[in-house]
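Engineer: Make a model of this:
(2 chains)
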Amino acid sequence: EVQLVESGGDLVQPGGSLRLSCAASGFTFSSSWMDWVRQAPGKGLEWVANIKPDGSERSYVDSVKGRFTVSRDNAKNSVYLQMNSLRVEDTAVYYCSRSLNAWGQGTTVTVSS
Amino acid sequence: IQMTQSPSSLTASVGDRVTITCRASHDISTYLSWFQQKPGKAPKSLIYDASSLQSGVPSRFSGSGSGTDFTLTISSLQPEDFAVYYCLQYNSYPRTFGQGTKVEI
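Structural biologist: Model (predicted):
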């Protein structure tokens, strides 16, 4: 069974940093594209970033380019989202996903002073 | 690529046939997925490649379309189908979702 478990969400002040983690199991992680998707309170889904199986390619939505970095450790079956220079508008539930067809339960990031 | 869903919400009864449409601002071939999301839960994948049913998804769900116009159909609405539905294009970056369609009783 595919399992994705996110962690690292927290309350952080504007301008702060946070690192989200996603632990994967139940599938061949090292062969899978991994995505991050977020959902602001009461809003729709927004794709944030993804990373190729070997980590050689990464893509981002324009609103996070230069601030967020997606990475992975295939030895630990984990994917990460380093979030810097956080803004109020980054407040959301962040979901980790395997190729957008299996999803974790999400972790909540709140950016507020 | 902008994805526009319609309607934004609909009211239906158990047993009804429900159709949700998604229009892409550019040709995306069949690189389209549909998701279902219930309150407080993660999205669940229903359809990929426009018309392929994810494993374990009931056959009352079906998808069709190519290019710019796509449809999700629920042939006979069940109580557990009341939720928000999203389309997603993965033809190009950034991936983009439709704004969602809320299916209510």
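
Engineer: any idea of the pLDDT on the residue of chain B positioned farthest from its centre?
Structural biologist: The C-alpha centroid of chain B is most remote from B:Y93, which lies 19.6 Å away (C-alpha atoms, centre = their mean). Looking at B:Y93, its pLDDT is 97.

Engineer: One more: B:T68?
Structural biologist: pLDDT, read off for B:T68, is 98.

Engineer: Bridging across strands, which residues link to the closest residue to it other than its chain neighbours?
Structural biologist: Of all residues not flanking B:T68 in the chain, B:A24 sits nearest, at 4.6 Å (C-beta to C-beta, 6 or more residues apart in numbering or on different chains). (Glycine included, C-beta is placed from N, CA and C.) Taking DSSP bridges as the rule, B:A24 bridges to B:M3.

Engineer: what sits against B:A24?
Structural biologist: Residues near B:A24 by C-beta atoms under 8 Å, 6 or more residues apart in numbering or on different chains: B:1-3, B:32, B:67-70, B:89, B:91.

Engineer: which ones among the residues you listed are found in strands?
Structural biologist: B:3, B:32, B:69-70, B:89 (DSSP state E).

Engineer: Spatially, which two of those are the most separated?
Structural biologist: The widest separation within these, taken as C-beta to C-beta, falls between B:D69 and B:Q89 and amounts to 12.3 Å.

Engineer: So for these two, which sits in the more crowded spot?
Structural biologist: In this view B:D69 and B:Q89 are compared by other C-beta atoms under 10 Å in any protein chain shown, and B:Q89 has more residues nearby, 25 against 11.

Engineer: Just confirm the more buried one contacts B:D27, I think it does.
Structural biologist: No: contact criterion C-beta atoms under 8 Å: B:Q89 and B:D27 do not qualify, at 10.2 Å.

Engineer: pLDDT at the residue most central in space within chain B, what is it?
Structural biologist: Nearest to the mean C-alpha position of chain B, counting by C-alpha atoms, centre = their mean, stands B:W34 at 3.7 Å. In this model, B:W34 is scored at 98, pLDDT.

Engineer: what about it, distance to A:R72?
Structural biologist: Distance, B:W34 to A:R72, using C-beta to C-beta, to the nearest Å: 27 Å.

Engineer: Thanks again, I'm all set now.
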